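Asker: Following is a predicted model, sequence given first.
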Amino acid sequence: MNALDLGAEFLAATPTHENRSTEQLRTWARIALEFGDELAAAHPELPQLDIREKTGGKRPGEVLLAEYHHRDHRVTLYRDSLDFAREVSAKRGSPIALEKLRRAAIAHEVGHHLLHGPRTRELNRRLGHRVLRLRAHVAGADELVVHRYAQHLSGIDPLQLDNFLIDALTGA
């Protein structure tokens with residue numbers, strides 16, 4: 001499965017897209033992935049951040065790898081979740097070095113920060129999703145953008161890792 005297939009599948013699994021055509025989902029996925037490419041080209045390095053680590057990211061039915069705290073430009077990495085993600089990816093035949101996984105988690109959070117404001121409006125404009133209400137957007141498109149950004153900065157595919165983690169959590 002390529003990035004476009006994974007992206008369309010990701011959007012299809014997002015609530016509110018149950019009745020969208022495959023063609024529409026693939027179009028939105030392509031736009032979001034291209035936007036992530038552009039974001040990575042504009043910001044090819046991670047900024048200096050206060051990185052803290054703790055446990056508590058892995059809970060029943062949920063794995064939280066990292067959180068970005070916008071007030072103090074800090075990222076919290078969850079060691080237990082990172083360890084779980086490493087174990088799961090290794091069992092799936094795609095082992096990930098801890099440093100690459102850490103970098104992907106940090107880049108993902110930074111990507112969300114970079115996507116705020118004018119960039120979000122531009123993404124929505126490109127997606128062509130204008131509804132007569134404030135803050136209209138294509139659910140999940142922002143996640144595809146930051147996944148792609150993180151992929152460029154870390155060298156791992158967060159969409160594939162998401163699939164591994166979902167399978168592990170659901171027992172698939």
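Answerer: On my side now, so go ahead.
Asker: give me the number of residues near the residue nearest to Met1 when sequence neighbours are not counted?
Answerer: Closest residue to Met1 apart from its sequence neighbours, by CB to CB, 6 or more residues apart in numbering: Glu9 at 7.6 Å. Any C-beta I mention is one placed from the backbone N, CA and C, and that applies to glycine too. Number of residues near Glu9 (other CB atoms under 10 Å) recorded here: 16.
Asker: I'd like the distance from Glu9 to His116, if you could.
Answerer: Taking CB to CB, to the nearest Å as the measure, Glu9 falls 26 Å from His116.
Asker: Give the next helix or strand downstream of the host helix or strand of the residue nearest to Met1.
Answerer: Per DSSP states H and E, Glu9 falls inside helix 3-12. Note on helix 3-12: by DSSP H and E, the next helix or strand toward the C-terminus is helix 22-42.
Asker: for that next one, packing partners?
Answerer: For helix 22-42, the contact count by 3 or more CB pairs under 8 Å, 6 or more residues apart in numbering; DSSP states H and E identifies helix 3-12, helix 98-114, helix 118-127, helix 141-154 as packing neighbours.
Asker: Pick out the residue nearest the middle of this protein.
Answerer: Using CA atoms, centre = their mean, the residue of the chain that lies closest to the mean C-alpha position is His147, 3.3 Å off.
Asker: Cheers, nothing more for now.
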